[in-house]
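>>> 3D model of this:
(chains A and B)
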Amino acid sequence: MPSDSPRDVVLSRIRQALDGRGRGAVSRPAAAGVRTGSAGTPVPPRTLLAQFVEAARAADAKVSVVATPAEARRQIAAILTAEGTEQVLVSPDAADAPWYCGGADAPREILFITRSAVRNDLRDDVLKADVGVTAPAWALADTGTLVMTASAGDHRLDSLLPPHHVALVLASRLVPDLFTLFDRLAAEGRFARHSAITFVRGPSRTADIELTLTIGVHGPRALSVVVLDDLRG
Amino acid sequence: MAERHLRFVSASHDAIENAPLRGLLGHVTARFGERRAAAAGSVPDWEALRERARQIKAEALARLDHYAVEFERQVVARGGKVHWAATAEEARAQVQRIAAARGATKLVKSKSMVSEEVHLNDFITRAGVTPVETDLGEYIIQLAGEKPSHIIAPALHKSRGEVAKLFEEHLGLPYTDDVEQLTAAARQRLREEFCAAGLGVSGANFAVAETGTIVIVENEGNARLSTSVPRVHVALVGIEKIIPRATDLAVFLTLLPRNATGQPMSSYVSFITGPRRKDELDGPDEVHVVLVDNGRTKLLADAAAREALSCIRCGACLNVCPVYRTIGGHAYGPVYAGPIGALVSPYLDPQSSPPDLPFVSSLCGACASVCPVKIDIPSVLVHLRRKTMDGTLKVEPLPERRRWRAGMRLWAAAMSSSAGYRIAFGVLRRGLKSFTRDGRIAKLPGPFAGWTEVRDFPVPAPKTFRELWKEEKRGRR
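Numbers count the residues shown, from 1 in each chain, chains lettered A, B, ... in the order given. Predicted coordinates:
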């Protein structure tokens, strides 16, 4: 039965607007459509790694590539100590990785925190953290973009609140481009699974005052990416 | 009775004479333009992507009822709520009801043109809720009590000195025009606001029907904070933002950042699908999506203007428009400025639209050449001119201008025949010659005085093309 709820009003206006000439006048585009860059021919993983490093650096990220988990731990420790870090938020996924930076050989003077409470109300120790360490699910090689998926192992705010974000990326998790990524996200039902999927490319930035580029507005002022080269050959 | 027409004319004159404003406009739009051109040029199948984007938007609009219902179904399936708003009043009231139900007295906002369009801030303030803009540019203009002058650079018209004065006055920051210090001060103040707000309000760049996902593109991180920290997130979404499939995003996210700022990808893109899951720590407990019509279905009903709803708000048409680059965003009047604003404002913001909008263009086509979804802006402008003249598009009656119309009729009659053309131009050329001083025509009399008030009229060439052509033929013989 028709009613005058806003929903019915809007939907009936849409239908009226489309009646006659409108509806069906536009042909449905071919499912395949265009693709950019790598599409069609697979890009060798080594090339993806080189692309990612270059693109992420172009976005003002500090990128280092390491060959072993032990080397990754040393690299992260070096990043943390160089900055005089006192407190580090580590996401559960990053804490579970074999290269966990807060393990036995971690710098003693640094406090490592992994949040696990039901819902965090921005306790002081979270707000005070100098660094957030995360392990993004994927990264886009062509634009140097990290792909974070909110979950029990990847808290949204760990990569957002601290002024320095350190991301641990496996070279085997690099995806060539957006087309490949969205095919995968859709096929795996990722949008239903995560309340938020987030792209991160470089540090937070603005150019709202006279188009002057300024780094670190609301998000991190610095982004460091440590890539573990786990590719064979 | 032509209040908005007169306001528009005087605001444009003021803007043209405002040298600092024109300096800022020239600087910012030129750099945006260069960056866009470089970024677009680096994507090999850019033209194919534009065409694909146009097709996807056309498909979404042609079956909008289907996709809107599908979007709603998916948001609800993921635990979110969908509200519908036929008008601006309904959209504002929905936000207010949600705030009241949660007892929220403060809301943080990330940039949303729809919220500007429905004038949310004024309304919600009167309802006892304090809105805080968190995008740096929006924050600046909120402090100044102004509105955005550019879709993606809302405070483009403010110099660093003006921002410094605002921050000194409102934040108690000792005067500094150091952009880093100004930004740091805003960051600190707004962090407190994020933690104190009960509600986060955002817009959306895209809404995916297939998955019920809201997509927000940004550089600062304020949209991430607005949609992650408060317990309730409300997204204001125009119905035209709905696209069919998640995989369509690959096309739009290749085009949008490059066309808007020249970045291959913006710093952050958030894909939000419902409230936080049980096992997630951060994120809101409630996600509300308000689907806003507010004039969009009127535009949808006009098949010749409908494509204006494909706009993804990149702002590129503003940066290349000779009119926008001269008068800036505020002179137009409505929330949406520039070429795309001239198309959508009469429908989405008619109360602020002067009747001149479809006419404020030289139809040079620069806008259409950079549009990422290939909106034929000049053709739609001409269509809206026709509608304005025949009275089917009426935001405010145009001034009468009887003499102008009579003159135009005369001109049309003269131009309709070869003899009329020849005679009219003969008279005009002789007439113009008598006004030439020192090789310039700087002052014309009577009804033509307005034209020469701000520019010179070109001096006619010594011989017309027809005369030259005749001589040429004679010479060959």
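
>>> average pLDDT across stretch B:98-117?
Here stretch B:98-117 scores 96 as its mean pLDDT.

>>> mind listing what's buried in it?
Neighbour counts over stretch B:98-117 (16 or more other C-beta atoms under 10 Å in any protein chain shown) mark B:98-99, B:104, B:107-117 as buried. The C-beta positions use only the backbone N, C-alpha and C, and glycine is treated the same way.

>>> and the residue of chain B closest to chain A?
Of all residues in chain B, B:Gly221 sits closest to chain A, at 2.8 Å by C-beta to the nearest C-beta.

>>> let me see the contact set for the residue nearest to that residue when sequence neighbours are not counted.
Spatial nearest neighbour of B:Gly221, chain neighbours left out: A:Gly219 (2.8 Å); criterion: C-beta to C-beta, 6 or more residues apart in numbering or on different chains. A:Gly219 sits next to A:Leu160, A:His165, A:Pro203, A:Ser204, B:Glu220, B:Gly221, B:Arg224, B:Leu225, B:Ser267, B:Tyr268 when contact means C-beta atoms under 8 Å, 6 or more residues apart in numbering or on different chains.

>>> distance-wise, check the fourth one relative to A:Leu168.
Using C-beta to C-beta, to the nearest Å, we find A:Ser204 at a distance of 20 Å from A:Leu168.

>>> what does the fifth one give?
From B:Glu220 across to A:Leu168, the span is 24 Å (C-beta to C-beta).

>>> of those two, which one has the most company?
A direct count of neighbours by other C-beta atoms under 10 Å in any protein chain shown for B:Glu220 and A:Leu168 places B:Glu220 higher, at 30 against 26.

>>> and what about that one, helix, strand or coil?
Under DSSP: H, G, I helix; E, B strand; the rest coil, B:Glu220 falls in the coil class.

>>> can you report how many residues neighbour the closest residue to it other than its chain neighbours?
Nearest residue to B:Glu220 in three dimensions, chain neighbours excluded: A:Val217, at 4.1 Å (C-beta to C-beta, 6+ apart). By other C-beta under 10 Å, 27 other residues sit near A:Val217.

>>> please name the residues that touch A:Val217.
Counting by C-beta under 8 Å, 6+ apart, A:Val217 touches A:Ser204, A:Arg205, A:Thr206, B:Leu136, B:Thr183, B:Ala186, B:Arg187, B:Asn219, B:Glu220, B:Gly221, B:Asn222.

>>> I'd guessed the fourth one sits against B:Ala184; true?
Yep, that's B:Leu136 we're talking about. No - applying C-beta atoms under 8 Å, one finds B:Leu136 not in contact with B:Ala184, separated by 10.9 Å.

>>> in terms of neighbours, single out the busier of the two.
Under the neighbour definition other C-beta under 10 Å, B:Leu136 and B:Ala184 were set side by side, and B:Leu136 has more, 26 against 16.

>>> for the stretch 351-477 of chain B, which segments count as helices?
B:366-370, B:377-389, B:402-415, B:418-433, B:449-453, B:465-476 (DSSP state H, counting those that start in this stretch).

>>> my error: substitute chain A in the last question.
Ranges of helices in chain A, per DSSP state H, are A:6-18, A:45-58, A:69-82, A:92-96, A:124-128, A:178-187, A:190-193.

>>> that's a strand at B:Val217, yeah?
Yes - under three-state DSSP, B:Val217 falls within a strand.

>>> where does chain B dip in pLDDT?
B:1, B:477 (pLDDT under 70).

>>> can you tell me the residue of chain A closest to chain B?
Closest contact between chain A and chain B, by C-beta to the nearest C-beta, is at A:Gly219 (2.8 Å).

>>> any idea how far B:Lys106 is from that residue?
Computed with C-beta to C-beta, the distance linking A:Gly219 and B:Lys106 is 21 Å.

>>> pLDDT-wise, which helix or strand of chain A ranks last?
Counting by mean pLDDT, DSSP states H and E, chain A has its least confident helix or strand at helix A:124-128, which shows a mean of 77.

>>> list the contacts of the residue most central in space within chain B.
Centroid check for chain B by C-alpha atoms, centre = their mean gives B:Tyr336 as the closest residue, at 3.8 Å. Counting by C-beta under 8 Å, 6+ apart, B:Tyr336 touches B:Met113, B:Glu117, B:Ile151, B:Val344, B:Ser345, B:Leu348, B:Asp349.

>>> what is B:Val292 paired to in the beta sheet?
For B:Val292, the beta-bridge partners are B:Ala85, B:Gly238 (DSSP bridges).

>>> I figured it was touching B:Gly238, is that so?
Yes - counting by C-beta under 8 Å, B:Gly238 is a contact partner of B:Val292 at 5.3 Å.

>>> which neighbours do the two share?
B:Val114.

>>> pick out whichever of those two has more residues nearby.
B:Val292 (30 against 26).

>>> ok, that one - contacts?
B:Val292 sits next to B:Ala85, B:Ala88, B:Ala91, B:Val114, B:Val118, B:Leu236, B:Val237, B:Gly238, B:Ile239 when contact means C-beta under 8 Å, 6+ apart.

>>> cool, B:Lys443 as well?
B:Phe435, B:Arg437, B:Ala449, B:Thr452.

>>> and for the second one, the neighbour number?
B:Arg437 is flanked by 8 other residues according to other C-beta under 10 Å.

>>> now it: how far from B:Phe457?
Relative to B:Phe457, B:Arg437 is positioned 12 Å away (C-beta to C-beta).

>>> just checking, B:Leu299 touches B:Arg306?
Yes - assessed by C-beta under 8 Å, B:Leu299 is found in contact with B:Arg306 at 6.4 Å.

>>> from the contacts of A:Gly219, pick the one nearest B:Gln74.
Using C-beta to C-beta, B:Arg224 comes nearest to B:Gln74 of those, at 21.9 Å.

>>> what sits up against the helix or strand in which that closest one is found?
Under the criterion of DSSP states H and E, B:Arg224 resides in helix B:222-228. With contact meaning C-beta under 8 Å, 6+ apart, helix B:222-228 is reached by A:156-157, A:160, A:196, A:198, A:217-219, B:108-111, B:134-136, B:190, B:194, B:200-202, B:216, B:218, B:233, B:235, B:268, B:270, B:272, B:282-284.

>>> so who does residue 202 touch?
Defaulting to chain A. Residues in contact with A:Gly202 (C-beta under 8 Å, 6+ apart) are A:Ala56, A:Ala59, A:Asp60, A:Ala61, A:Gly144, A:Leu223, B:Ser267.

>>> should've been chain B
B:Ser202 makes contact with B:Lys109, B:Ser110, B:Ser112, B:Ile214, B:Ile216, B:Ala223, B:Ser226, B:Thr227, B:His233, B:Val234, B:Ala235, B:Leu236 under the criterion C-beta under 8 Å, 6+ apart.

>>> how about the nearest residue to the third one, chain neighbours excluded?
Looking back up the chat, that one is B:Ser112. B:Ser112's closest residue in space is B:Gly203 (C-beta to C-beta, 6+ apart), at 3.0 Å.

>>> many thanks, I have nothing further to ask.
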